[in-house]
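Participant: Okay, structure incoming, though there's no sequence with it:
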Ligand SMILES: O=C(O)/C=C/C(=O)CC(=O)CC(=O)O
Ligand SMILES: [Ca+2]
Ligand SMILES: [Mg+2]
């Protein structure tokens, strides 16, 4: 039996709609009130398995001591064989028919922590953050609104996985509030720019992959080898200030409009756990240049949702309204192509680098991954369950993203990434 076998069962009770069955085993960094030291854990059902405890007990050996650690970086740096061996061993220890942990009440009490008691931290030390732009639907929508509806897709888009170097310092773990930025804006009709709080605050639904092992400066990663460098994926909200963005980003790209906060989910789902959900992506026509060419299915059937929970400011209730349902399989450029393109110049990448997919929009109007698109730049406000309307985000609003791959009777999921909007500094 492999660690992905749908028939595998754990002695830990796992509900069918849980994101964390034994087929998933995502990695994260947590602490508890009783033990504030940060360490590596794996999610299983409603529990967190403390890998530092297992390592100390001699039950888990990744090749070096890497789990009593405040980030996944030392573990990721060991490479794909170590990731796979560790996941297989954790799977074995959690199986319903393995007695080691199941029948040792003392060890279970030390190694299994209720998720409700775990404080989740940023799982990786992020040295570099790159954001791609790989949804054809998203690029077409924004091009139609901000540029020319007749030539919405720019001429380079079908040839290059377009991206920009983002800001790593402001990446935060889900649950961290996000403060509305102040900045410069200029309405097309205004004579001069003005300074003040962003009035078009938006989210961007993205996933991101994490580089497990990088490449040396000057040594590009060939597209066929790229997946061996990728440790896993997270959900990501690339918060965006649309009014700041429109004024500042010509010609060098986003700067303050996207650097004030980026939220990622605390659990990193391994590429190995996602493998059963591999599926064909869109046909690439024209054929990409040889350094980007790949065979076989390159997409993943990953269902994604965004919910908005309005704040108290406008007298609304606190119901969540799902405002977007989409799927990662719509993405035009694959993660391997993104990484091959990123390094083809000789640029190096490092353990812990974060690579955003770009906003994930699908073909249907309710599958767009940003308010900019869902409300068509504020022209068509959304009505929420409590009756409130939204063109862009208001102070107090909570944006919640979730996503999962549906197996036969189980889900391989990412949990949630949320963030509440705080008022701008006065
Ligand atoms: O097309 C534009 O002018 C702007 C696009 C974005 O703001 C999106 C961006 O950050 C990349 C992405 O998320 O796809
Ligand atoms: Ca983005
Ligand atoms: Mg951002």
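Facilitator: Received the coordinates, thanks. Only a predicted model underlies this, so the values are computations on that prediction, with no experimental measurement involved. Ligands and ions are numbered 1, 2, ... in the order given.

Participant: For ligand 1, what is the nearest residue in this structure?
Facilitator: With CB to the nearest ligand atom as the measure, the residue in the chain that lies nearest ligand 1 is residue 358; the distance is 3.0 Å. Using the backbone N, CA and C atoms, a C-beta is placed for each residue, glycine as well.

Participant: give me every residue that touches that residue.
Facilitator: 131-135, 138-139, 163, 206, 331 (CB atoms under 8 Å, 6 or more residues apart in numbering).

Participant: Dump these into CSV; add neighbour count, distance to ligand 3 and secondary structure as well.
Facilitator: Putting the contacts of residue 358 into CSV (neighbours: other CB atoms under 10 Å; distance: CB to the ion, whole Å; DSSP: H, G, I helix; E, B strand; the rest coil) gives the following:
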residue, neighbour count, distance to ligand 3, secondary structure
131, 26, 7, strand
132, 26, 12, strand
133, 23, 13, coil
134, 26, 16, coil
135, 27, 16, coil
138, 28, 15, helix
139, 21, 17, helix
163, 20, 13, strand
206, 30, 9, strand
331, 29, 18, coil
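
Participant: Any regions of the stretch 1-150 of the chain where pLDDT drops low?
Facilitator: For the stretch 1-150 of the chain, not a single residue meets the criterion pLDDT under 70.

Participant: hang on, the earlier thing: am I right that the residue of the chain closest to ligand 1 is in a strand?
Facilitator: No - counting by DSSP: H, G, I helix; E, B strand; the rest coil, residue 358 falls outside a strand, being coil.

Participant: how much space is there between it and ligand 2?
Facilitator: 6 Å (CB to the ion, to the nearest Å).

Participant: Need phi/psi at that residue.
Facilitator: The main-chain torsion angles of residue 358 are listed as degrees, to the nearest 10 and equal phi 100, psi 160.

Participant: what kind of secondary structure is residue 97 in?
Facilitator: coil.

Participant: Residue 253: what's it in contact with?
Facilitator: With contact set as CB under 8 Å, 6+ apart, residue 253 has these partners: residue 164.

Participant: pLDDT score assigned to it?
Facilitator: Reported pLDDT at residue 253 in the predicted model: 93.

Participant: phi, psi of it?
Facilitator: According to degrees, to the nearest 10, the main-chain angles of residue 253 amount to phi 100, psi 180.

Participant: residue ranges of the helices in the protein, please?
Facilitator: Shown for the chain, the helices assigned by DSSP state H span residues 51-56, 73-76, 80-94, 99-102, 105-111, 136-146, 242-248, 271-274, 335-343, 371-374.

Participant: mind listing what's buried in stretch 265-272?
Facilitator: Taking 16 or more other CB atoms under 10 Å as the basis for neighbour counts, the residues of stretch 265-272 that come out buried are 265-272.

Participant: The contacts of residue 358 also near ligand 2: which ones?
Facilitator: With CB under 5 Å from the ion as the criterion, the subset of the contacts of residue 358 in contact with ligand 2 comprises residue 131.

Participant: Please identify which of the contacts of residue 358 is nearest to residue 123.
Facilitator: residue 206 (16.3 Å; CB to CB).

Participant: who's in contact with the closest residue to residue 254 other than its chain neighbours?
Facilitator: For residue 254, ignoring the flanking residues on the chain, the nearest one in space by CB to CB, 6 or more residues apart in numbering is residue 245 at 5.7 Å. Contacts for residue 245 were tallied using CB under 8 Å, 6+ apart; they are 254, 257-258.

Participant: Local confidence estimate at residue 245?
Facilitator: Taking residue 245 on its own, its pLDDT is 98.

Participant: Quick check: closest non-adjacent residue to the residue of the chain found nearest ligand 2.
Facilitator: Among the residues of the chain, residue 238 lies nearest to ligand 2; the distance is 3.6 Å by CB to the ion. Counting by CB to CB, 6+ apart, residue 204 is the residue found nearest to residue 238 once chain neighbours are left out, at 4.0 Å.

Participant: Surely the one you found is in contact with residue 237?
Facilitator: Yes - between residue 204 and residue 237 there is a contact under CB atoms under 8 Å: 6.6 Å.

Participant: Spit out the contact partners of residue 20.
Facilitator: Residue 20 is in contact with 14, 26, 43-45, 267, 413, 415, counting by CB under 8 Å, 6+ apart.

Participant: repeat that for 10 Å
Facilitator: With contact taken as CB atoms under 10 Å, 6 or more residues apart in numbering, residue 20 is in contact with 10, 12, 14, 26, 42-48, 115, 267, 269, 410-415.

Participant: For residue 245, give its distance to residue 217.
Facilitator: Using CB to CB, to the nearest Å, one gets 31 Å for the distance from residue 245 to residue 217.

Participant: Alongside ligand 3, which residues does the chain contribute?
Facilitator: Where proximity means CB under 5 Å from the ion, the interface of the chain facing ligand 3 comprises 238, 258, 262.

Participant: and the first one, how many residues sit next to it?
Facilitator: By that I understand residue 238. Applying the criterion other CB atoms under 10 Å, we find 26 residues in the vicinity of residue 238.

Participant: Please tell me how far it sits from residue 399.
Facilitator: Counting by CB to CB, the separation of residue 238 from residue 399 is 11 Å.

Participant: got any residues that touch both of those two?
Facilitator: Residues within reach of residue 238 and of residue 399 at once, by CB under 10 Å, 6+ apart, are 202-203, 205, 263.
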